Structure formats: C-alpha cells, structure tokens
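[1] based on what follows, work out the 3D shape:
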Amino acid sequence: MGKLAHTLYIWSMVLITVAVTVYLSWVGYTYYATPVVDRFSHPQYDWFKSSGTFGGGLGVIGTILIFIGVVLYITAKKYRYLERWVRLKYLLEFHIFLCTVGPIMILFHTTFKFGGIVSIAFWSMVLVVLSGVIGRYIYLQIPQAVNGRALSLEELNGMRNEAMASIRKQEQIDGDIYNTIMTFDPPAGWGLKPILEGRKRIKKVANALANTSLSRPEQEEILKNVRTEITLKRKMKRLDLMQSLFKYWHVAHRPFALIMLFVVVLHVGVAVFYFGYTWEF
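    Numbers count the residues shown, from 1 in each chain. Here you go, the predicted model:
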C-alpha cells in the first residue's frame, strides 16, 4: 500500500466513524434528548429502546464489529496467516477502527443509560478504546520491517550501517561534510525538538553538498541516506523505552478488554435467557 493509498485508507475509516456518530445522533436525537422517565411516551420508543429493533440492532452489530476486530487482529498477529497479503500495521488500524465504531454503536444501544453491570462494561469499553489509541501511538514508535514485524537493535544497526556505507562510497565528499553527517547525535524523546534538530542537520549537509562537484541526483541520494541514518539513530535511542512501554501497555489494555468481554457475554445471556429479549428485523 503506497503512501497515498494509506492516507486514503486512514481518512476513509475516520470519515466512516464520524458519519456513523453523526447519523445515529441525528436520527435519534429527539429520543435520546427526552428524559428517561418520559421516553415511554415517545412515539418511537419501541424502535429506539435498547431491546427495540433499532436499539437492539445497534447492540448486536456493535458487538459483532468488536468481536471481528479483536479476533482478526489477535489471530493474524499470532499465526501470521495474513502477512502475505496485508501488513500487521494495517490490521492494527482496522482493529482500532472496528473497535471504535462498535463501541459507538453500543453507546447508542444503551440509549445513554448507565447503571449496574452495564456501567462496568461501558467504562471498561471506554478504557479499552482510549488505551488502544495510546497503544497504537507506542506501536508506531517501534521500528518495523515491511511485514510489520518489530525490528531488533541489531537489525537497526545493520540498516544504519548500510546507509552509512552508501554515503562513504561518494569519494567527492570531504572530511568536514562526512563528519557533519556522521557525528550528529539526535536528541531522544518526543515532540518537535528531535525532528527540528534532524532537519537542521539535513539542511546543513545539503548546503555543503551544493558546493561540491556532485550531480543533483547524487546529492539527493546522499541526503536520502542521511535522512535514513538520522531517523534510525533517533529510533534506536527510543527502542528500549518503546518496547518496555508496549509491554506495560498490554498489562492495562488486556484486563479491561477481558472485563468488557465477560460483562458483555453476561449481559447478553441475562437479556436473552432471563428477560427473553430477542432482536427482530
């Protein structure tokens, strides 16, 4: 998937999520805005209530979306049966998409009434979604291979050495320019500082190369390798920290997901077998 296709892929999921939220808010606004004690008299009460055709359907579809998102990502990550066709990174993004739209539908299924065991499931679901967004950010900070597999420090060193070797091949580069390229130590951490420092160094190298006899394509090739070297060096600094954070993140994300799953199964069981609710088209 190219950069443009990936951007369209991300924005399509964002737009679908926003569209679903806006649509559900619009069609049910009069019902959801009605006080709980007065909803029985609403003309579409049987349609929007949690056990109604529309309300119940949202609960069923939302649960299915979450189930698909969780099972697809976990099994694909563990057994790698889809890595030939799709990168794990894209499956993670699809997992986040389904596990965001699904909870939104379940939110409207509850008709914004939270009490008892349902409140436990709902807030667990909220924590799962929020921690999932944080987890995606941490995951993207870990350098990955083409198939989405996390790279080791040795692999990163090998890639950096390849970039440095390509730079060394250019005999026209004098010692000052080479030292400018190789002695740069990008600051670790987050925010704009590491990025801005890297851009300053690239600009400095570009200005130095402009005064050499190298052709424009040769200069661009060197700058490409310089960018690669700087990026890899910066990521190597953060690799251990990101991997540790990712492990700790699982400690928070998985329990909330299991609690949500358990409560949802219990809720469905009570609704169907105890109260006798069914979803009718």
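[2] hey, C-alpha coordinates of the helix or strand encompassing residue 101 in PDB?
    Using DSSP states H and E, residue 101 maps to helix 88-109. What follows is helix 88-109, C-alpha atoms only, in PDB (Å, rounded to 0.1, in the frame of the first residue of the first chain):
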ATOM      1  CA  LEU A  88       0.200  -6.100  10.600                       C
ATOM      2  CA  LYS A  89       0.200  -2.300  10.800                       C
ATOM      3  CA  TYR A  90      -2.800  -2.000   8.600                       C
ATOM      4  CA  LEU A  91      -4.600  -4.800  10.500                       C
ATOM      5  CA  LEU A  92      -3.900  -2.800  13.700                       C
ATOM      6  CA  GLU A  93      -5.500   0.200  12.200                       C
ATOM      7  CA  PHE A  94      -8.500  -1.800  11.000                       C
ATOM      8  CA  HIS A  95      -8.700  -3.300  14.500                       C
ATOM      9  CA  ILE A  96      -8.800   0.200  16.100                       C
ATOM     10  CA  PHE A  97     -11.400   1.300  13.500                       C
ATOM     11  CA  LEU A  98     -13.800  -1.700  14.200                       C
ATOM     12  CA  CYS A  99     -13.200  -1.300  18.000                       C
ATOM     13  CA  THR A 100     -14.100   2.300  17.800                       C
ATOM     14  CA  VAL A 101     -17.200   2.100  15.600                       C
ATOM     15  CA  GLY A 102     -18.500  -0.900  17.600                       C
ATOM     16  CA  PRO A 103     -18.400   0.900  21.000                       C
ATOM     17  CA  ILE A 104     -20.100   3.900  19.400                       C
ATOM     18  CA  MET A 105     -23.000   1.800  18.300                       C
ATOM     19  CA  ILE A 106     -23.200   0.100  21.700                       C
ATOM     20  CA  LEU A 107     -23.200   3.600  23.300                       C
ATOM     21  CA  PHE A 108     -26.400   4.400  21.400                       C
ATOM     22  CA  HIS A 109     -27.700   0.900  22.100                       C
END
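[3] what is it packed up against?
    helix 3-27, helix 53-79, helix 117-141 (3 or more Cβ pairs under 8 Å, 6 or more residues apart in numbering; DSSP states H and E). C-beta here means a position set from N, CA and C on the backbone, and glycine is covered the same way.
[4] tilt between the longest one and helix 88-109?
    Translated: helix 53-79. Our comparison of helix 53-79 with helix 88-109, counting by axes from the mean of the first three to the mean of the last three Cα atoms, to 10 degrees, yields an angle of 160 degrees.
[5] which parts of helix 53-79 are buried?
    By neighbour count with 16 or more other Cβ atoms under 10 Å, helix 53-79 contains the buried residues 54-59, 61-63, 65-66, 69-70, 73, 76.
[6] so, low pLDDT: which residues of the stretch 1-150 of the chain?
    1, 115-122, 136-150 (pLDDT under 70).
[7] re the thing from before, what angle sits between the helix holding residue 101 and helix 3-27?
    0 degrees.
[8] so how many other residues sit close to residue 42?
    For residue 42, the tally of surrounding residues (other Cβ atoms under 10 Å) stands at 15.
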